[in-house]
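> coords please:
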Amino acid sequence: MDKEFRPTSLDEMVGQSHLLAKDAPFRKLLEKRALPHSFFYGPPGTGKTTLARIVASVYESDFFELNATSLKIEEIRKIIERYKNSFITPILFIDEVHRLSKTQQEVVLPIMEKNLALVLGASTENPFFSLTAAIRSRSFLFEFRPLNEEELWELAKRVTKKLQIQIEDVAKEPLLRLAQGDARNIIKLLGTAAVISSKITPKLLGQLAPTSFHEGSSESHYDLISALIKSVRGSDVDAGLYYLARLIEGGEPPEYIARRLVILASEDIGNANPNALNLAVSTMVAVKSIGYPEAKIPLAQCVVYLASSPKSNASYKAIKKAIKAVREGRLQPIPPYLRPPKYEGYKNPHDYGGWVEQAYTSEPVRFYESNGIGFEKKLLEWLQKIKT
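Alright, predicted model coming up:
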């Protein structure tokens, strides 16, 4: 179903304006046919594969779509050998690129080095740490973002026009909520609904997606996740669990909820309870592995723990101050004894029992102010103790 709605040109694509706007560097490189080896990463249904195919169309080149999970080295070598004496530079598109083994990367690397093909890749995960330094240095990473409601609605209008169906005004909000930033979700929902009726209603959508639909609820998932975060920040365990249940029953992906809890653990709890971040990250890993329905259990455990933890946003406020100083141009030269390779005059704290008085910036700076809450208080006391 989604293939018949797949864009064939840059102007037909919906979303990713940071890449495809007329003045965007990516678009300029593509239109000048000067695009470097590139890897796209972002959520499903955001146009990664579609854009790769459009690149091949712009280049008027042969397109080979591969998948890292089933990719055979001999397959790559045969493709390159076929174009050995050709004026055509093929495009190798590798999906799930973060799953490329080191051996596979060793085969791809010389192809990139010698420009025997334009190598593109896609992944739902940032492949930066899974790619070798040699491949990273010869390529660019481009992030794809979930489609916003305006972009999803534009796509929905195109689909309804082609399918000759009508969306009731009251069905717009639940349709966009069900899409969750994924273009394929919009196409799938409308395409399936069109088989049943020419009029898309909230009731019909609820019947097609009963586990992720709440008819009559005016709150968006943004409202619910905001309420969850603020309840946990306010140490209200039961309110946190209530909004978590709303999100789970509304079909919110467990990975999204977990990511927001990881951010909260660092931003709102921080060093008042450092273990909060550990538990939140563990929760994120766990829910990705097990999915629903069991994912609700570690999510609930995490919400209870974070809501019950002491709160401090001292680290969050400190980095905001530091970044502000840098952006305003308040830059200082690094003291010479901190620079490699000689470090002349540098005093190693280990040689002085763990701490020695020494300036680490040319002029004094002050960004961090401890709130003295929970374990953060012990850290402050330790710093004060060693410096007296």
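
> Give me the pLDDT for residue 86.
For residue 86, the model assigns a pLDDT of 86.

> Would you mind listing the residues in contact with it?
If a contact means CB atoms under 8 Å, 6 or more residues apart in numbering, then residue 86 has no contacts. Where you see a C-beta, it was placed from the backbone N, CA and C, and this is true even at glycine.

> three-state assignment of it?
Assigned with DSSP: H, G, I helix; E, B strand; the rest coil, residue 86 falls in the coil class.

> what's the distance between it and residue 134?
Per CB to CB, to the nearest Å, residue 86 is found 26 Å from residue 134.

> With residue 258 instead?
33 Å.

> the more surrounded of these two?
For residue 258 and residue 134, the more surrounded residue by other CB atoms under 10 Å is residue 258, and the numbers stand at 23 against 15.

> How many neighbouring residues does residue 144 have?
Look at residue 144: counted by other CB under 10 Å, it has 22 neighbours.

> Could you do residue 93 as well?
25.

> could we number from 4 for the rest of this?
Sure, I'll start numbering at 4, so the last one becomes residue 96.

> quick one: what helix or strand has it in it?
Using DSSP states H and E, residue 96 maps to strand 94-98.

> pLDDT wise, what is residue 214 at?
In this prediction residue 214 is given a pLDDT of 55.

> got it, and the one 4 residues further on?
Among the per-residue scores, residue 218 holds a pLDDT of 44.

> same thing with residue 390?
Per-residue confidence (pLDDT) for residue 390: 85.

> now do residue 223
pLDDT recorded at residue 223 is 63.

> what do you get for residue 185?
89.

> same question, the one 3 residues further on
Model confidence at residue 188, given as pLDDT, is 88.

> so which helix or strand takes in it?
With DSSP H and E as criterion, residue 188 is part of helix 186-199.

> Does anything pack onto that helix? Which helices or strands?
helix 152-166, helix 172-182, strand 202-203, helix 205-211 (3 or more CB pairs under 8 Å, 6 or more residues apart in numbering; DSSP states H and E).

> Could you pull out the buried residues of the first one?
Translated: helix 152-166. Residues of helix 152-166 classed as buried by neighbour count (16 or more other CB atoms under 10 Å): 152, 154-156, 158-159, 161-163, 166.

> tell me the mean pLDDT for it?
For helix 152-166, the mean per-residue pLDDT is 92.

> following it, which helix or strand shows up next?
Next in sequence after helix 152-166, counting helices and strands by DSSP H and E, comes strand 169-170.

> Sheet-wise, list the partners of that next one with their directions.
Here strand 169-170 is paired, per DSSP bridges, with strand 202-203 (parallel).

> For the strand it pairs with, which outside residues touch it?
Residues from elsewhere that reach strand 202-203 (CB under 8 Å, 6+ apart): 163, 168-171, 174, 178, 193, 196-197.

> Among the residues you listed, name the buried ones.
By neighbour count, with 16+ other CB under 10 Å, those hold 163, 168, 170, 174, 178, 193, 196-197 as buried.

> Kindly state the pLDDT recorded for the spatially most central residue of the chain?
Centroid-nearest residue in the chain: residue 45, 5.6 Å away (criterion: CA atoms, centre = their mean). pLDDT, the model's per-residue confidence, is 90 for residue 45.

> For the buried residues of helix 152-166, give me JSON lines that also has distance to residue 19.
Output for these, formatted as JSON lines (distance: CB to CB, whole Å):
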{"residue": "152", "distance to residue 19": "15"}
{"residue": "154", "distance to residue 19": "9"}
{"residue": "155", "distance to residue 19": "13"}
{"residue": "156", "distance to residue 19": "16"}
{"residue": "158", "distance to residue 19": "12"}
{"residue": "159", "distance to residue 19": "17"}
{"residue": "161", "distance to residue 19": "16"}
{"residue": "162", "distance to residue 19": "18"}
{"residue": "163", "distance to residue 19": "22"}
{"residue": "166", "distance to residue 19": "24"}
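
> before we move on, the earlier item: can you pull the alpha-carbon coordinates of the strand holding residue 96 into CSV?
C-alpha atoms of strand 94-98 as CSV (Å, rounded to 0.1, in the frame of the first residue of the first chain):
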residue,chain,number,x,y,z
ILE,A,94,24.4,3.5,-5.5
LEU,A,95,24.7,0.9,-2.7
PHE,A,96,22.0,1.4,-0.1
ILE,A,97,22.5,-0.6,3.0
ASP,A,98,19.5,-0.8,5.5
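
> shaky segments in the stretch 204-353 of the chain?
The model of the stretch 204-353 of the chain has pLDDT under 70 over residues 213-224.

> Please parse the chain into its domains.
Structural domains assigned to the chain are 5-146, 152-215, 224-311, 329-372, following automatic domain parsing.

> on that earlier part again, list the buried residues of the next helix-or-strand element following the strand holding residue 96.
Later in the chain than strand 94-98, the nearest helix or strand by DSSP H and E is helix 105-116. For helix 105-116, a neighbour-count test (16+ other CB under 10 Å) marks 107-108, 110-111, 114-115 as buried.

> quick one: contacts of helix 105-116?
40, 71, 74, 76, 79-80, 83, 95, 97, 103, 119-120, 122, 134-135, 137-138, 141-142.

> pLDDT on that helix, on average?
93.

> what's the angle from that helix to strand 94-98?
150 degrees (axes from the mean of the first three to the mean of the last three CA atoms, to 10 degrees).

> so residue 324 is in which element?
Taking DSSP H and E as the definition, residue 324 sits inside helix 317-330.

> Equivalent analysis for residue 255, please.
Going by DSSP H and E, residue 255 is not in any helix or strand.

> Tabulate the buried ones among the contacts of strand 202-203 (a markdown table), appending distance to residue 57.
Putting the buried ones among the contacts of strand 202-203 into a markdown table (distance: CB to CB, whole Å) gives the following:
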| residue | distance to residue 57 |
| --- | --- |
| 163 | 24 |
| 168 | 27 |
| 170 | 27 |
| 174 | 31 |
| 178 | 26 |
| 193 | 23 |
| 196 | 28 |
| 197 | 26 |
